[in-house]
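Asks: need a 3D model of the following:
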Amino acid sequence: MLEVRPSLSAGELGVFRIALERAGLRLDGEPPAYRSPWRLAGLREAVESAPPPVAAARYTLSPRNTRGATRA
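Replies: Numbering: from 1, shown residues only. Okay, here's the model as predicted:
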């Protein structure tokens, strides 16, 4: 929802919305990166490889077993 003060008429608000979108502003509240297939694949992988909740409560993950660890 777009709210402008002082209030605009419906036609003016439509023109204002188009101008903002042409300027590169997204009005749906979701950045394009959130819809990326790469992001969704990464989230899926992180959830699938997470330890069970009971094990996670007792142990911390070893840096050697987490993504991004380049050497031991």
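Asks: pLDDT-wise, which helix or strand of the protein ranks last?
Replies: helix 53-58 (a mean of 58; mean pLDDT, DSSP states H and E).
Asks: in this structure residue 26 contacts residue 32, no?
Replies: Yes. With the criterion set as C-beta atoms under 8 Å, residue 26 and residue 32 qualify as a contacting pair; they are 7.3 Å apart. Using the backbone N, CA and C atoms, a C-beta is placed for each residue, glycine as well.
Asks: so these two - more neighbours on which side?
Replies: Between residue 26 and residue 32, counting by other C-beta atoms under 10 Å, residue 26 is the more crowded of the two (10 against 7).
Asks: so where does that one fall, helix or strand?
Replies: Taking DSSP states H and E as the criterion, no element holds residue 26; it sits outside all helices and strands.
Asks: same thing with residue 3?
Replies: Following DSSP H and E, there is no helix or strand that holds residue 3.
Asks: for residue 16, see how far away it is.
Replies: Distance, residue 3 to residue 16, using C-beta to C-beta, to the nearest Å: 11 Å.
Asks: cool, residue 7 as well?
Replies: For residue 7 relative to residue 16 (C-beta to C-beta), the value is 11 Å.
Asks: neighbour count winner among the two?
Replies: The residue with more neighbours, out of residue 7 and residue 16, is residue 16; 13 against 8, by other C-beta under 10 Å.
Asks: quick one: contacts for residue 33?
Replies: By C-beta atoms under 8 Å, 6 or more residues apart in numbering, the contact set of residue 33 is residue 39.
Asks: so for it, what's the pLDDT?
Replies: As summarised for this prediction, residue 33 has a pLDDT of 78.
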